[in-house]
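Trainee: return a 3D structure for these sequence lines:
(4 chains)
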Number of protein chains: 2
Amino acid sequence: MTGRVRAPRRVDALSRERVVAASIELLDTAGEDGLTVRALTAHLSTGRGAIYHHVVGKDDLLTAATDAVIGDLVATAGDGDPRETLRSIAVGIFDTIDAHPWVGGQLTRHPQPAVFRLWNSIGASLSELGVAGTDLADAGSALVSYVLGASAQYAAGARQAVDPVAREKYLQQLATQWPGSGCDGGPGQAAELLTDHDDRDQFLAGVDIFLAGVLARLRVKMD
Amino acid sequence: MTGRVRAPRRVDALSRERVVAASIELLDTAGEDGLTVRALTAHLSTGRGAIYHHVVGKDDLLTAATDAVIGDLVATAGDGDPRETLRSIAVGIFDTIDAHPWVGGQLTRHPQPAVFRLWNSIGASLSELGVAGTDLADAGSALVSYVLGASAQYAAGARQAVDPVAREKYLQQLATQWPGSGCDGGPGQAAELLTDHDDRDQFLAGVDIFLAGVLARLRVKMD
DNA sequence: ACCTGAACACCGTTCAAGT
DNA sequence: ACCTGAACACCGTTCAAGT
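Mentor: The predicted structure is shown next:
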């Protein structure tokens, strides 16, 4: 009698990977405040103290989860146009933080290994553009700050307080489509996509302004 | 530091202003985690529930404290060169967040009235420069995002730089991985990137890059 | 070695009871 | 009306006790 064919109960032992994966799941579904030791251990069907055998504490958990999500995103600078590479790096960060808003607060609050890789990729592309020395440090810092900060703020919904027109539109859409949306996801999703789309364009416009500034200063220096 | 001892006498009745002022004091001295209802009410020599007669809750407290600190910072709109006005607004935000690091997280996490005023000031100066329409929205959003995000990240980084272990590790990685390192003493140059004084210069350099980009695009559009 | 879960020291908020 | 402080429902972390 075999019984218990596919019970996901205690088949695997706990591991750091499983704990981190469950944390990401919880963060995505329940938000930053939804990640509690109680909720996490309940999700893992284990005791409250079990995770402390695989993780130092909650800080370690947040850092590991962030690193797992941002992971290989900033893999390597392509050998194409450095401008395009920079834009795709920026958009990659934006989309990741948009999908996992808690990553935004995490990356901007405390420096992490993931931020290093971002620095290196951005620095390499700027270097390819011909930026060097102090200018490279200045431009790299500014671009990293913008990409991280703007993505985090867009994800946090800063746009609603910043742009009165978009705020009005957003609230109107929210008022008309959010409460009465009985149909399965259609209008609500459309509204989300619209606002996301605008945010993304505006974010990228900021990247382009920045790159234009870098190139303008580069040209001045060459004269 | 005079050494004068201030006795916590209960001369005045509690008020929203006194509660907010005490919160700011606590946030500045004990950090973001140091603001607890227990510590606050102890500081005010009152019962735990007393503050709830003057404040909705902790969120309201944080918002009010942030607004009080950022307060009239943006109010001083100079009628001089808009570029200089923009730079002074940016530096004002940077210095404020540097002095009150908790303001950084607060402004970037949740939209606030203070952010709206910042957007208006920056928008007005950009408008004076001749930026209009979609370009104004794009440039304004980008600058607000950069000023807020970069200031918050520099403040967070400065706090972490106090930890000697993390700082050393950070410097080492920076020195070995930063592209084009190899000039006079890589580590030394990397170390300079983390000092507070250079932070301000680097932050302002970022503002100038953005402004150069805005002006460059403006020139292109005029052709 | 790994896991359990009660216990501990916190936290924000509420509310009957006082003034 | 304003304040008090015990009580409530949480939280992260620890640790003797089990397997």
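Trainee: give me every residue in chain A lying close to DNA strand D.
Mentor: A:35-39, A:48-49, A:52, A:57-59 (CB under 7 Å from any atom of the strand). C-beta coordinates here come from the backbone N, C-alpha and C atoms, glycine included.
Trainee: tell me which of those is nearest to DNA strand C?
Mentor: Comparing these against DNA strand C with CB to the nearest atom of the strand picks out residue A:49 as the nearest, at 2.0 Å.
Trainee: what's the burial count for the closest one?
Mentor: 9 (other CB atoms under 10 Å in any protein chain shown).
Trainee: for residue A:82, same thing?
Mentor: Residue A:82: 20 neighbours (other CB under 10 Å).
Trainee: wait, what's in contact with it?
Mentor: A:125-126, A:128-129 (CB atoms under 8 Å, 6 or more residues apart in numbering or on different chains).
Trainee: how does it look with 7 Å?
Mentor: Residue A:82 makes contacts with A:125, A:128-129, as judged by CB atoms under 7 Å, 6 or more residues apart in numbering or on different chains.
Trainee: let me have the residues of chain A next to DNA strand D in CSV, adding distance to DNA strand C as columns.
Mentor: Below are those laid out as CSV (distance: CB to the nearest atom of the strand, whole Å):
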residue, distance to DNA strand C
A:35, 17
A:36, 12
A:37, 9
A:38, 9
A:39, 14
A:48, 4
A:49, 2
A:52, 7
A:57, 14
A:58, 13
A:59, 16
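Trainee: those in helices, which ones?
Mentor: A:37-39, A:58-59 (DSSP state H).
Trainee: contacts only, for residue A:48.
Mentor: A:37-38, A:41.
Trainee: and with 6 Å instead?
Mentor: Neighbour list for residue A:48: A:37, A:41 [criterion: CB atoms under 6 Å, 6 or more residues apart in numbering or on different chains].
Trainee: where exactly do the helices run in chain A?
Mentor: Using DSSP H, helices in chain A cover A:16-30, A:37-43, A:58-70, A:82-99, A:101-109, A:113-129, A:133-156, A:158-162, A:164-177, A:186-222.
Trainee: tabulate those helices (TSV), appending mean pLDDT.
Mentor: Shown next, in TSV, are the helices of chain A (pLDDT from 0 to 100):
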stretch	mean pLDDT
helix A:16-30	97
helix A:37-43	98
helix A:58-70	95
helix A:82-99	96
helix A:101-109	94
helix A:113-129	92
helix A:133-156	96
helix A:158-162	45
helix A:164-177	45
helix A:186-222	78
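Trainee: so the residue nearest the centre of chain A versus DNA strand C, what's the distance?
Mentor: Residue closest to the average C-alpha location in chain A (CA atoms, centre = their mean): residue A:97, at 2.0 Å. Distance of residue A:97 to DNA strand C, given as CB to the nearest atom of the strand, to the nearest Å: 27 Å.
Trainee: next, the contact list for that residue, please.
Mentor: So residue A:97 contacts A:103-104, A:151, A:155 (CB under 6 Å, 6+ apart).
Trainee: can you list those in JSON lines and add neighbour count and distance to chain B?
Mentor: Putting those into JSON lines (neighbours: other CB atoms under 10 Å in any protein chain shown; distance: CB to the nearest CB, whole Å) gives the following:
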{"residue": "A:103", "neighbour count": "29", "distance to chain B": "13"}
{"residue": "A:104", "neighbour count": "28", "distance to chain B": "8"}
{"residue": "A:151", "neighbour count": "29", "distance to chain B": "9"}
{"residue": "A:155", "neighbour count": "21", "distance to chain B": "10"}
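Trainee: what's the distance between stretch A:132-151 and the middle of its chain?
Mentor: Relative to its chain's centre, stretch A:132-151 lies at 17 Å (CA atoms, centre = their mean, to the nearest Å).
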